[in-house]
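Would you be able to build a 3D model of this:
(chains A and B, ligands or ions: 1)
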Amino acid sequence: MINLDTRMQNVAIVGAAGKMGSGIALLMALEMAYRALEDREHTYVLNLIDMNDTALQGLLRYVRDQAQKDGEKQMNRLRALYKDRADLVENADMIQEFVAEVMLHLRTGKTLTLAKDALLVFEAAFEKEEIKFQIYNELAVVCPQAAWFLTNTSSIPLHVLADTCGIKGRMIGFHFYNPPAVQKLLEVITPEGCDPALVESAYELAKVLRKKTVPANDIAGFIGNGHFMRDGLHCIRDMEHLAEDYGFVQAVYMVEKVSRDYLLRPMGIFQLIDYVGIDVFQLILRVMDKYLKEGLHSDLVDNFIEMGVKGGQTSSGGQKDGFLKYEKGKPVAIFDPAKRDYVPMDEAFVKDMDSRLGAHPDPSLTWKSLSRDPEKEARMRAYFQTLKTMDTLGAGMARNHFEASRDAALDLVKQGVAARAQDVNDVLTLGFFHLYGPINDFLD
Amino acid sequence: MKRMSKPVYLAAGAYTLSLGTGRPEFNPKKPRPGLDHYIKEAGRASLAQVSDPAAVDEGVIGNFMAARFNHQGHLGSLMTIVHPALEYKPALRVEGACASGGLALASAIKSVLSGLADVVLVMGVEVQNTVKAIYCADFLAGAGWYDGERKDGHTYFFPGKFSDRAGAYAAKVGPAKAREAFAHWYRNAVESARLNPDAQEHFNTVKDLVAQGMTPPNGKSFTDHLNLYDCSKVSDGAASIIVASEEGWRRLGLNRQDVVEIAGMGQMAADLTAPPPDLTEMTTCRKAAEEARAMAGVGVQDLGVCEFHDCFTVSGVLLTEALGIAAPGEGADAVLAGVTRRDGAFPTNTGGGLVGYGHPTGATGVRMAVDLWRQLTGKAGGYQVDVKKDHGIMVSMGGNDKTVVSLVLKR
Ligand SMILES: NC(=O)c1ccc[n+]([C@@H]2O[C@H](COP(=O)([O-])OP(=O)(O)OC[C@H]3O[C@@H](n4cnc5c(N)ncnc54)[C@H](O)[C@@H]3O)[C@@H](O)[C@H]2O)c1
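From the prediction side, this is the model:
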């Protein structure tokens, strides 16, 4: 039996230079450096694999900068770890040495053969089935027979991947949230037939990385996207319906506003889809629909992609335009597919739309104000009780969305994707920063 | 006994604002002014108060670590940018850790006493926000004994050293009382800073400062016995004042009411490589203050205003004992009784002190002299207190009570 400590001596990350991969790379690089400092008998190697050379160089820079920040934060720990190194006296000496230590274990490369000694392989490549199949088919041959695979897939059922690629029992879902180095939530997806030792080690590793785990069942989309995709589709359909009366741009504005300000969420649904990327949204829908066959599809999303309206992030983390156009991260205009252009949300427009929605149940309450409010639970309860009684367009839309979100969550429990309501609520509060879980009695 | 061989005076004090966290002007992400900016601003503000800058005979500038914070040495030469009149005259930089400003004053006093100068422009400067706090701690640790202490020292070296003192003091007077006294010291400092537009804590709007000061220290994130409110700030700033003979200040066109006399001075250093003889006493400060008072021929009861080097709240409390304002072990009681408050028997750190105004290390000793001079000449504006006695005292301290300059001033 190879224990986790031994596996941690040789780790590979496939897709290491991507958004998720680079965060996982940072987490593992730091963890490895601390292990190596405490265990000088073994050699630690972190293989960072990505087909994009430029991005790999960016990754090394990112890890270096973040390692420095981590060292600065962990100074007391570093002073203790380096207490026998007479040559390291000042904080700066130790931080510099720590950064060198972190970088020492990294190997970068473009081919999967770099993973040939890895006993623990993370994968965070593009969310495309054919790519994942290709990768795992090759890894199955390249890696040691004892290697374990931790995939970050957001939607593809693991048993399909593992069975097809001949690594049955050796794969588990280790689904980080973006950005992996910061986000506390980790969805752990255990497919049928998974080696119990792997399951145990996966939870152990999550603990080492100080993540809060939520178990999910191996059903396409799992919990996070299981809810998000249905929530997003509901809003898109609601918006299309509303557009018949009010016009497209107007409808986007109203649904966006209601999903953010009325439901007290950190961002509106269209901003969230833009954040994730409309293209990624489409990919995940496709995969889920292939396995679940419940009509998870939107013509509108396909049209947007065809028109090249994709959202997503720039390499430096800026928001690209999608449903909305952004200036300094803030939405300022809405895409009108008929015009193939953005229509600004000017003051008159906003005023007009807001008056159509009617008064907000309590304008003093926002996601931001509530996040720091120790009384938030009681305040939200009172808020939704007010919302329940209001007879405005906005309040009606909000109730409708609230219920759709709750139903999607309840379905996840019913279908066995989540074992408990609390697990769905945890994913939404921790992974999506909602102030409340969708399964609640606020509107009862 | 040591005596001043002739009267020496302080005149024309000025200082810049203390830039750092808390000031609205401070943005860690934007470029900030450097040493030259502060030197010019403070020095020129002094010279603007005199009729003839050409009467300045010498310059001396206190600075601790510009070589590391700003990669700049040779500040004696740099200070001539204040005024063309300083060109081709003696100018030097002196260093004694956080007492560098105090040492600059001592150096100038000696120049005047020697007869080689009648007017000396004394400055102090430090620009510390060039690096993050974690590296700033390294630079400031240079005030301790690098070879003997740094390796085993705390991440935040000096907070660690004074946390040890705070722990020892808590053991002596009881942890609850000690913490409360530190919190009151913090409250007093911020209350004065709110009256001083140049203070780093000027904009502090916290309602219950004592409650904030009571925050339990957390050894994991900082130190065992001090919290962040117990610490002076990381600051950029400069201060400036003129040391002159009577002939000197007359040449500058000043009157007796514009100047204060330096009635006594105590200057000394203690063994950098030795631990303090008693963690609960500021021994060197006590001796230097005794010397200054003896030279001035005054007792504690003659002091109407004080400036203490409160690099940490615990230093402030310990200094009340070292200066004889409170008996040994009773500094906490004195502070809690309000003895050092603005309206107390010994108004102390009336412009905020190091905790409230800020601590641009090399400038601090000079800034203290400026605040005392302002109080004794009635020029302290919004933070003026009613000074009931003719004398004031300052204690400028470097390192862990290792270099000290104490001055007794007389209006
Ligand atoms: N972005 C998120 O918020 C998020 C959250 C949870 C899970 N995920 C999942 O994580 C995975 C990665 O997503 P991402 O957002 O980081 O994508 P990304 O596009 O930022 O990164 C993917 C990386 O994989 C590399 N890559 C692709 N194919 C490769 C191959 N054959 N060999 C080597 N490298 C290859 C790419 O060059 C790229 O750097 C996906 O499965 C996604 O569903 C994403």
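
Report the buried residues of the one helix or strand B:Ser77 maps to.
For B:Ser77, the element it lies in under DSSP states H and E is helix B:75-78. When neighbours are counted by 16 or more other CB atoms under 10 Å in any protein chain shown, the buried residues of helix B:75-78 are found to be B:75-76, B:78. No exception for glycine: its C-beta is placed from N, CA and C like everyone else's.

Stretch A:71-78 now?
Along stretch A:71-78, these residues count as buried under the neighbour rule (16+ other CB under 10 Å): A:71-72, A:74-75, A:77-78.

In the stretch 251-400 of chain B, what residue lies closest to the ligand?
Sorted by distance to the ligand under CB to the nearest ligand atom, the residues of the stretch 251-400 of chain B start with B:Gly358, at 43.4 Å.

count of neighbours near the residue lying closest to that residue once chain neighbours are set aside?
If you skip the residues right next to it in sequence, B:Gly358 has B:Ser18 as its closest partner in space, 2.8 Å away by CB to CB, 6 or more residues apart in numbering or on different chains. Using other CB atoms under 10 Å in any protein chain shown, B:Ser18 is surrounded by 35 other residues.

ok, now how distant is B:Ser18 from B:His202?
9 Å (CB to CB, to the nearest Å).

same question, A:Pro361
For A:Pro361, the distance to B:His202 (CB to CB) stands at 41 Å.

how far away is B:Val387 from B:Val339?
Between B:Val387 and B:Val339 the computed distance is 15 Å (CB to CB).

One more: A:Asp195?
Counting by CB to CB, the gap between A:Asp195 and B:Val339 amounts to 72 Å.

more crowded one of those two?
B:Val339 (18 against 14).

Surely that one forms part of a strand?
No: under the criterion used here (DSSP: H, G, I helix; E, B strand; the rest coil), B:Val339 is coil, not part of a strand.

Quick check: it touching B:Gly324?
No: taking contact to mean CB atoms under 8 Å, the distance of 11.9 Å between B:Val339 and B:Gly324 leaves them out of contact.

quick one, phi psi at B:Arg187?
Per-residue torsions, B:Arg187: phi -60, psi -50 (degrees, to the nearest 10).

doesn't B:Leu209 make contact with it?
Yes: taking CB under 8 Å as the definition, B:Arg187 is a contact partner of B:Leu209 at 4.0 Å.

mind listing the strands for chain B?
Counting by DSSP state E, chain B has strands at residues B:9-15, B:58-62, B:91-94, B:119-127, B:236-244, B:260-269, B:303-307, B:391-398, B:403-410.

Quick check: the farthest pair among the buried residues of stretch A:71-78?
Of all pairs drawn from those, the widest gap by CB to CB lies between A:Glu72 and A:Arg77 and measures 11.3 Å.

Redo the buried residues of helix B:75-78 as CSV? Include pLDDT.
Formatted as CSV, the entries for these read as follows, by pLDDT from 0 to 100:
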residue, pLDDT
B:Leu75, 98
B:Gly76, 98
B:Leu78, 98
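
Of those, just say which sits nearest to A:Ala333.
Using CB to CB, the shortest approach to A:Ala333 within those belongs to B:Leu78, at 52.5 Å.

pretty sure that closest one contacts B:Gly34?
No: taking CB under 8 Å as the definition, B:Leu78 is not a contact partner of B:Gly34, at 10.2 Å.

Walk me through the domains of the chain.
No chain specified, so I'll use chain A. With automatic domain parsing serving as the domain definition, the record reports that chain A contains domains spanning A:4-216, A:224-431.

wrong chain, I was asking about chain B
According to automatic domain parsing, chain B is divided into the following domains: B:9-132+B:234-258, B:152-233+B:263-410.

Could you work out the end-to-end span of the shortest one for me?
Spelled out, that is domain B:9-132+B:234-258. For domain B:9-132+B:234-258, the first and last residues are 10 Å from each other (CA to CA, to the nearest Å).

who touches the residue in the stretch 151-300 of chain B positioned nearest to chain A in this structure?
Distances from the stretch 151-300 of chain B to chain A, computed as CB to the nearest CB, single out B:Thr155 as the nearest residue at 4.2 Å. Listed by CB atoms under 8 Å, 6 or more residues apart in numbering or on different chains, the contact set of B:Thr155 reads A:75-76, A:79, A:91, B:134, B:137.

repeat for A:Ser201
Per CB under 8 Å, 6+ apart, neighbours of A:Ser201: A:3-4, A:7, A:148.

Now do the phi/psi pair for it.
A:Ser201 adopts backbone torsions of phi -70, psi -40, taken as degrees, to the nearest 10.

Fine by me, thanks again.
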